[in-house]
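**Student:** From the sequence below, what's the structure:
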Amino acid sequence: MGVFTFENESISTVPPPKLYKALVTDADTLIPKAVDAIKSVETVEGNGGPGTIKKLTFVEDGETKHVLHKVEAIDEANFGYNYSIVGGVGLPDTVEKISFESKLVAGPNGGSIGKVTIKYQTKGNAEPSEEEIKTGKAKGDALFKAIEGYVLAHPDYN
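**Tutor:** Purely as a prediction, here's the structure:
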């Protein structure tokens, strides 16, 4: 098994506590409101803490699909959230799982910087393709910006 690590950062004007609440605490109800393609987020196993498995159902190319998301760790005090994609269409055939270690830190002018480390754990000697990496980054960036956009468009969101 190979492990390939990538890092990414996103900047937001929303303060870390408010953005963390939207991205983590309220994500199951907020994501389907903020992202048209995502139809539902449901817990299929667990109580929301580490070990919980969530099913994200979405429409892509006219087809209803899903990914399984496993909560690995939650660190509310430091605005950290770690999870893995462990099943569904979000995994290429050569990938066992994709793990995300994310954290929000204070950014410029009272905003946030979202930092994420992405680890592709591949089967055998396989390596993720450039296209898989670009597509994954684009989807992650789009989700972050959609949630930020929702919070900014709803000033009463607390």
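**Student:** contacts and neighbour counts: CA atoms only from here.
**Tutor:** OK.
**Student:** now the protein, which segments are flagged as low pLDDT?
**Tutor:** 90 (pLDDT under 70).
**Student:** any chance you could map the helices in it?
**Tutor:** Under the criterion DSSP state H, the chain carries helices at the ranges 16-20, 27-34, 130-153.
**Student:** okay, those in a markdown table with mean neighbour count and distance to Gly110 next?
**Tutor:** A markdown table is the format used below for those (neighbours: other C-alpha atoms under 10 Å; distance: least, C-alpha to C-alpha, whole Å):
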| stretch | mean neighbour count | distance to Gly110 |
| --- | --- | --- |
| helix 16-20 | 21 | 8 |
| helix 27-34 | 18 | 22 |
| helix 130-153 | 15 | 14 |
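**Student:** Turn these into TSV, columns for distance to Phe100.
**Tutor:** TSV is the format used below for those (distance: least, C-alpha to C-alpha, whole Å):
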stretch	distance to Phe100
helix 16-20	15
helix 27-34	16
helix 130-153	10
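**Student:** Nearest to Gly111, out of those helices?
**Tutor:** Closest approach to Gly111 among the helices of the chain (C-alpha to C-alpha): helix 16-20, 6.7 Å.
**Student:** just the CA coordinates of the closest one, formatted as PDB?
**Tutor:** Backbone C-alpha positions of helix 16-20 (Å, rounded to 0.1, in the frame of the first residue of the first chain) are rendered in PDB as follows:
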ATOM      1  CA  PRO A  16     -13.100  30.200  12.700                       C
ATOM      2  CA  PRO A  17     -15.800  29.500  15.300                       C
ATOM      3  CA  LYS A  18     -18.600  30.300  13.000                       C
ATOM      4  CA  LEU A  19     -17.100  28.600   9.900                       C
ATOM      5  CA  TYR A  20     -16.300  25.500  12.000                       C
END
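**Student:** Which strands or helices does that helix pack on?
**Tutor:** Contacts defined by 3 or more C-alpha pairs under 8 Å, 6 or more residues apart in numbering; DSSP states H and E place helix 16-20 against strand 95-106, strand 112-122.
**Student:** sorry, back to before: identify whichever of the helices of the chain lies nearest to Glu76.
**Tutor:** helix 16-20 (8.2 Å).
**Student:** got a list of contacts for the closest one?
**Tutor:** With contact meaning C-alpha atoms under 8 Å, 6 or more residues apart in numbering, helix 16-20 is reached by Phe79, Leu104, Val105, Ala106, Gly111, Ser112, Ile113, Glu148, Val151, Asn158.
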